[in-house]
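**Q** build the 3D model from these lines:
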Amino acid sequence: MKAKRKRHQASFKAQVGLEALTGEKTVAEIAREYQIHPVQVSQWKRAIIDRLPELFETGSRSPVETAEREVARLEQKIGQLTMELDWLKKKSSQLGL
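**A** Here you go, the predicted model:
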């Protein structure tokens, strides 16, 4: 029987990746301390390094701001579709359908 994979929270991944990034301990020491595979530590470290430039891009939006814009766009679309549906119901009843 296979063991279930352990899912780590984002805050834990960030903590381990940042610790690996500082270089005070080796990847093997960090992996041993947190009881995870050394490859996993290296992957989390690489993910942090890859995403750092996104933090400093000019004009970039925060995830919350992006989500709010998406919600507003979808609410507008729902309103439009609701109006179209009401219009179609009205016209179909006038035509006797």
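**Q** spatially nearest residue to Leu20 (excluding sequence neighbours)?
**A** Quick fix: residue 20 reads Ala, not Leu. Lys45 (4.1 Å; C-beta to C-beta, 6 or more residues apart in numbering). Yep, even glycine has a C-beta here, placed from its N, CA and C like the rest.
**Q** helix, strand or coil for the one you found?
**A** Per DSSP: H, G, I helix; E, B strand; the rest coil, the local secondary structure of Lys45 is helix.
**Q** and for it, the neighbour number?
**A** The number of residues packed near Lys45 is 21, by other C-beta atoms under 10 Å.
**Q** need the contact list for it.
**A** Neighbouring residues of Lys45 by C-beta atoms under 8 Å, 6 or more residues apart in numbering: Gly17, Ala20, Leu21, Val27.
**Q** if you look at those, which of them are in strands?
**A** Nothing among these maps onto strands, per DSSP state E.
**Q** which secondary structure elements does the one helix or strand Ala14 maps to contact?
**A** Element membership of Ala14 [criterion: DSSP states H and E] is helix 10-22. Helices and strands touching helix 10-22, as assessed by 3 or more C-beta pairs under 8 Å, 6 or more residues apart in numbering; DSSP states H and E, comprise helix 27-34, helix 38-55.
**Q** could you chop the chain up by domain?
**A** 9-58, 61-97 (automatic domain parsing).
**Q** next up, phi/psi of His37, please.
**A** Backbone dihedrals for His37, given as degrees, to the nearest 10, come out at phi -70, psi 140.
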